[in-house]
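1. My questions concern the predicted model and sequence given below.
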Amino acid sequence: MIEVWQREHIALLQKTRILDLCEATDVSPYTGKAHHFISIDCAAWVNMVPITEENEVVMIRQYRHGSQDVTLEIPGGMVDAGEEPAQAAMRECKEETGYVANAVNCLGVLNPNPALFNNSLHTFIGRVAEGPRIDHASETEKTEVELIPMERLRPLLLDGTIDHALVCATLWRFLDGWRQGDSWWEERA
């Protein structure tokens, strides 16, 4: 049987505006011996699958500094302090695309990488109305909105065009439900 390790101590190694790098001392339930582990403390994240009335997914193209490449993603980001994940998903969608969702339904909660991260990814779907469409540009970021017909999602996931693992996980969950019928997301609240 797999047992839970006992956390003895945690130390902050580096604090940043997005995440904290920590070192934990955990005690093995099998040997009683303490071991050191690196972990990343981070706020919860959200991903939003915004669907237009024409059954298109509102997506964003942007350059990512980690991979040093342009990605195709759905809106998403960090949950602000005191904010509910559903509110964060609607906020991120509006901020990043200009499309407005008045309500969202949860597709589930995922653990981004349990070996390192202690946070959760909350995934949502919602029907959206177009607001003032936003192609964002600043000194450090440029994004472009792209509408993708639902039937193109699977090929874009399979050929690696959409390769952000958390976006892929969210979209595969969505596609599994979409195959079950158009009202799937409305029934899943």
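-> Received, thanks.
2. what ranges of the protein fall below the confidence cut-off?
-> 132, 178-189 (pLDDT under 70).
3. Number of residues surrounding residue 77?
-> Residue 77 has 17 neighbours, counted by other Cβ atoms under 10 Å. (Glycine included, C-beta is placed from N, CA and C.)
4. which residues are in contact with stretch 103-117?
-> 38-40, 42, 45, 48-49, 86, 89-90, 119-126, 166, 169-170, 173-174, 177, 185-186, 188-189 (Cβ atoms under 8 Å, 6 or more residues apart in numbering).
5. So which of these are in strands?
-> Applying DSSP state E to the contacts of stretch 103-117, the entries found in strands are 38-40, 42, 45, 48-49, 121-126.
6. Of these, keep whichever come out buried.
-> 39, 40, 42, 45, 48, 49, 121, 122, 123, 124, 125, 126 (16 or more other Cβ atoms under 10 Å).
7. Just name the closest of these to residue 21, please.
-> Residue 21 has its nearest neighbour among those in residue 40, at 6.2 Å by Cβ to Cβ.
8. May I have the beta-bridge partners of that closest one?
-> Under DSSP bridges, the beta-bridge partners of residue 40 are residue 21, residue 117.
9. possible to save the buried ones among the ones in strands among the contacts of stretch 103-117 as CSV with distance to residue 9?
-> Output for these, formatted as CSV (distance: Cβ to Cβ, whole Å):
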residue, distance to residue 9
39, 12
40, 17
42, 20
45, 27
48, 37
49, 40
121, 27
122, 29
123, 33
124, 36
125, 41
126, 42
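10. what's the spacing between residue 153 and residue 66?
-> In this view, residue 153 and residue 66 are 23 Å apart by Cβ to Cβ, to the nearest Å.
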